[in-house]
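Engineer: Attaching a predicted model along with its sequence, questions to come.
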Amino acid sequence: MKPTDTIALAPGKRVLFMTKNPELIRKQLTGELDLQMKNLHVDDLLDDINTDAMTPAWTCFDWRPADIARNAYAGLMVDGERLFDEGALADAGFEVIVSGKRKGVGSSRETAVQAEKWSGIRIAIAASFAPIHARNNINQGVLMGDHAILARLQAGERIPLSEFTEGWDPLTRQIIEYGGLFNFTKAYARGEVSLPALGPGTRPQTMAEKILGSRAVDRGGTAYAGDPVCVRVDGGYSHEFTTAQVHAFLGDEFGEGYTLANPAKFAVFEDHLIYADGVPKMAPFSPKIQILRDLQRLFQKKTGVQDFSATNGVSPGICHTIAREKIIEPGDFIQATDSHTCMGGSLGALAYGVGATEYAALVHAGFTFVVVPASIRFELTGALRRGVTAKDVMLYILANHAKQQLTLDRVMEFGGPGLASLSPDERATLANMATECSAKAGIVEADEATLAWIAARRPGVRIDELRKKVVAPDPGAVYEGGVHTIDLSTIRPMVATPGDPAKGIPSDPTNGAYVSEIGDVRIDIAYGGSCTAGKEDDIDMYARVMQDAAASGQKVAEGVDFYIQFGSRAVEDYARKKGYLQVFQATGVKVISPGCGACIGCGPGVSGNPRQVSVSAINRNYQGRSGPGQLYLASPLNVAASAVAGKIVAYEEGMFSTTQKQ
């Protein structure tokens, strides 16, 4: 059933303004203050509110949306204290929430939207929304508007629903009009709605356009950016943080006897919470975590999807890492319930994260509804200098392109002659961190090195068969975000300062060994791991630094804990065969079996208090992401070098022998 044709504020309901002044938020929550948009400017409002702040990891242990809502914004901290007490949002009678730019950056977790919706929020106002978060709002039936619309609503005006759908494609407009994805999907099944036919098409296509157009259901033609299409999905996965909701939503919408269209194409992983029981602050949540595990196993047994559960408490690996090792092929279209699903794009596939609602709908039907995304092209030339990595490239792009919103909701397409100088693992870092750029996905052109990497990990897979699936962009394809040439030889080691991965600064070219712009930053924790930095090449980098240190008689600095966590069992086996485990043990590194761990605040390497300083090779450093301390981001080389130096440095060959002589 469609919602009303006009929208107005409900009598007695309130509007919450997420101001940069936390005291004003407190007064609104307690009922002491009500604000009007006409008296505020957009610059007065918080930008880049991330989903980790809206629903930190521990809140997601409550998989029922109403329970999650009781801790909405639990991760928004001021002076180490929660700004939103338990139930603060739900109990204050708000129906509209207002923020600044880029609302909902960070993790793809749909719980961020659920926390607001089940607290009574039906309209979200912002200057712009992160793409996955926006899609989650749409799927959940939460309306989105800008600050001008809010001013009119507060003036008592009734706003036509068409103004909330303005600017969206025909598909998205219909989902909004039907009040969410499940309602729309059922209307589609009844034949009540249809999508416009694709045209014959004559202009060249990007990789994303080709992949999605080739999977259009019953709609011949050529797909271009902006076209709404119903497409087949080649595969996907969920993990123990999300599967319980998928299971519940399917039962609610389709009955307890629900089935999946193609269960063999999908999988479940036990990776995110594998070490949560060992983190002191997580101990109170152990019963809830076990329920999540139990519900995932129930879902797997009921549906027959591929099972990557832990064995004897040891995970086979992080979902994105294993999907890349065992599942994804060039040209695939992959959907999964995690923002770093885009890592699969390193194999020439189109892959990105979706919320539990969207995932539940697509695994049930075998197809999903998408709007073909626009692309931005990164043409790589030259080669990285020794000591510089793909992580540095992404921190550079974050600081110089994502900050300008050039990547927002676009597919980041990587190609050019410089690509050949990057290994498949380094290309995976490029694709993985596209989500940090608020991009839709990252996709890397596949070549013979890509095919050889896949075939080496999958017995029976033939390179000539994989080659037939490779998709390449057409010469002259249209990139709405432009084509940006990056000379890899000009990239310097980067470090991102706490709070935002886009706050990257390069090392001093006159003293490459130290990132002098940030001063002398002493560290307590160094962490190497996550899907971004737990690959074979990353382990090579950690080992290279520690071998250099050992040759100079040095090891991890006193007072520093250096953790290395593998992305999968295959990576751990690789490290063992290379003799790295002995190197790590001899130099004081603490080695951890596969899992997400400290990257999501659920494992060794999490800071214990706000005074601690960490340097990490993970993908994002939002407040509270990996504990309450200050979190810097750097490459695997620089994380390892910093662990030995006891402060943040940029690695240079032989730097430890020089230090020893001094």
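Structural biologist: Cool, the structure landed. Note that the structure is a prediction, hence the values are computed from the model and not measured.
Engineer: buried sites along the helix ranked longest in the chain?
Structural biologist: Ranked by residue count under DSSP state H, the longest helix found in the chain is helix 286-303. Buried positions in helix 286-303, judged by neighbour count with 16 or more other Cβ atoms under 10 Å: 288-289, 292-293, 295-297, 299-300, 302-303. In short, each C-beta sits where N, CA and C put it, glycine included.
Engineer: Past that helix, which element shows up next along the chain?
Structural biologist: On the C-terminal side of helix 286-303, the closest following helix or strand by DSSP states H and E is strand 306-308.
Engineer: Give me the residues contacting the next helix or strand after that next one.
Structural biologist: Note on strand 306-308: by DSSP H and E, the next helix or strand toward the C-terminus is helix 319-322. Around helix 319-322, the neighbours that count as contacts under Cβ atoms under 8 Å, 6 or more residues apart in numbering are 237, 239, 267, 269, 271, 308, 316, 336, 338, 340-341, 343-344, 432, 531, 534-535, 567-568, 571, 594.
Engineer: cool, stretch 285-296 as well?
Structural biologist: With Cβ under 8 Å, 6+ apart as the criterion, stretch 285-296 contacts 58, 61-63, 238-241, 243-244, 247-248, 268, 270, 273, 276-277, 282, 309.
Engineer: do that again at 10 Å, thanks
Structural biologist: Contacting residues not belonging to stretch 285-296 are listed as 57-63, 67, 238-248, 268-270, 272-274, 276-277, 279, 282-283, 307, 309-310, 602 [Cβ atoms under 10 Å, 6 or more residues apart in numbering].
Engineer: What is the distance between it and the centre of its chain?
Structural biologist: Chain-centre distance of stretch 285-296: 23 Å, with Cα atoms, centre = their mean, to the nearest Å.
Engineer: mean confidence for the longest helix of the chain?
Structural biologist: Helix 286-303 shows a mean pLDDT of 95.
Engineer: Which strand runs longest in this structure?
Structural biologist: strand 375-381 (DSSP state E).
Engineer: list the contacts for residue 9?
Structural biologist: Neighbour list for residue 9: 15, 95-96, 122-123, 150, 153-159 [criterion: Cβ under 10 Å, 6+ apart].
Engineer: what do you get if the cut-off is 8 Å, keeping everything else the same?
Structural biologist: Taking Cβ under 8 Å, 6+ apart, we find residue 9 in contact with 15, 95-96, 153-154, 156.
Engineer: which residues of the stretch 101-250 of the chain fall in helices?
Structural biologist: Secondary structure of the stretch 101-250 of the chain, counting by DSSP state H, counting those that start in this stretch: helices at 111-117, 131-140, 147-154, 161-165, 170-177, 181-189, 207-213, 243-254.
Engineer: Distance to residue 546 and mean neighbour count added to these, as CSV?
Structural biologist: Below are those laid out as CSV (distance: least, Cβ to Cβ, whole Å; neighbours: other Cβ atoms under 10 Å):
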stretch, distance to residue 546, mean neighbour count
helix 111-117, 38, 28
helix 131-140, 37, 26
helix 147-154, 52, 18
helix 161-165, 55, 17
helix 170-177, 50, 20
helix 181-189, 48, 20
helix 207-213, 38, 25
helix 243-254, 37, 21
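Engineer: Check the ones you listed for me: which has the lowest mean pLDDT.
Structural biologist: Among those, helix 181-189 scores lowest, at a mean of 87.
Engineer: Quick check on residue 491: phi, psi?
Structural biologist: In terms of degrees, to the nearest 10, the main-chain angles of residue 491 are phi -70, psi 140.
Engineer: ugh, typo on my part, it should be residue 256
Structural biologist: Per degrees, to the nearest 10, the backbone of residue 256 is at phi -60, psi -20.
Engineer: measure it to residue 302 for me?
Structural biologist: Remark: distance between residue 256 and residue 302 (Cβ to Cβ, to the nearest Å) = 9 Å.
Engineer: same thing with residue 271?
Structural biologist: Relative to residue 302, residue 271 is positioned 21 Å away (Cβ to Cβ).
Engineer: any weak-confidence spans in the stretch 551-662 of the chain?
Structural biologist: Residue ranges of the stretch 551-662 of the chain with pLDDT under 70: 658-662.
Engineer: So which residues of it form helices?
Structural biologist: According to DSSP H, counting those that start in this stretch, the helices that the stretch 551-662 of the chain contains are 569-577, 580-586, 636-645, 655-661.
Engineer: Quick check: which of those is buried the most?
Structural biologist: Of all the helices of the stretch 551-662 of the chain, helix 636-645 has the most neighbours on average by mean count of other Cβ atoms under 10 Å, namely a mean of 29.
Engineer: Just want the most central residue of this protein.
Structural biologist: Residue closest to the mean C-alpha point of the chain, counted by Cα atoms, centre = their mean, is residue 339 at 2.8 Å.
Engineer: That one and residue 241, how far apart?
Structural biologist: From residue 339 across to residue 241, the span is 12 Å (Cβ to Cβ).
Engineer: For these two, list the residues in contact with both.
Structural biologist: Contacts common to residue 339 and residue 241, judged by Cβ under 8 Å, 6+ apart, are residue 109.
Engineer: Neighbours of the residue nearest to residue 606 when sequence neighbours are not counted, how many?
Structural biologist: Excluding the flanking residues, the one nearest residue 606 by Cβ to Cβ, 6 or more residues apart in numbering is residue 627, at 4.0 Å. Residue 627 is flanked by 20 other residues according to other Cβ atoms under 10 Å.
Engineer: Tell me if I'm right that residue 627 and residue 614 touch.
Structural biologist: Yes - under the criterion of Cβ atoms under 8 Å, residue 627 makes contact with residue 614 at 7.3 Å.
Engineer: thinking again about what came up before, mark which of the contacts of helix 319-322 are part of strands, please.
Structural biologist: 237, 239, 267, 269, 308, 336.
Engineer: show me the contacts for the fourth one.
Structural biologist: Listed by Cβ under 8 Å, 6+ apart, the contact partners of residue 269 are 237-240, 308-309, 315-316, 318-319, 322.
Engineer: try it again with 10 Å
Structural biologist: With contacts defined as Cβ under 10 Å, 6+ apart, residue 269 is in contact with 237-243, 296, 306-310, 315-323, 336, 338, 596.
Engineer: And the residue lying closest to it once chain neighbours are set aside, how close does it get to residue 162?
Structural biologist: Nearest residue to residue 269 in three dimensions, chain neighbours excluded: residue 319, at 3.9 Å (Cβ to Cβ, 6+ apart). Remark: distance between residue 319 and residue 162 (Cβ to Cβ) = 40 Å.
Engineer: With residue 111 instead?
Structural biologist: Between residue 111 and residue 162 the computed distance is 30 Å (Cβ to Cβ).
Engineer: Same question for residue 42.
Structural biologist: According to Cβ to Cβ, residue 42 stands 24 Å off from residue 162.
Engineer: And residue 216, by the same measure?
Structural biologist: Going from residue 216 to residue 162 by Cβ to Cβ gives 27 Å.
Engineer: What of residue 346?
Structural biologist: For residue 346, the distance to residue 162 (Cβ to Cβ) stands at 41 Å.
Engineer: ok, now residue 425?
Structural biologist: Counting by Cβ to Cβ - residue 425 and residue 162 are separated by 48 Å.
Engineer: what does residue 266 give?
Structural biologist: Distance, residue 266 to residue 162, using Cβ to Cβ: 37 Å.
Engineer: just residue 341 next, same as before
Structural biologist: Look at residue 341 and residue 162: by Cβ to Cβ, they are 33 Å apart.
Engineer: Equivalent analysis for residue 277, please.
Structural biologist: As defined by Cβ to Cβ, residue 277 lies at a distance of 50 Å from residue 162.
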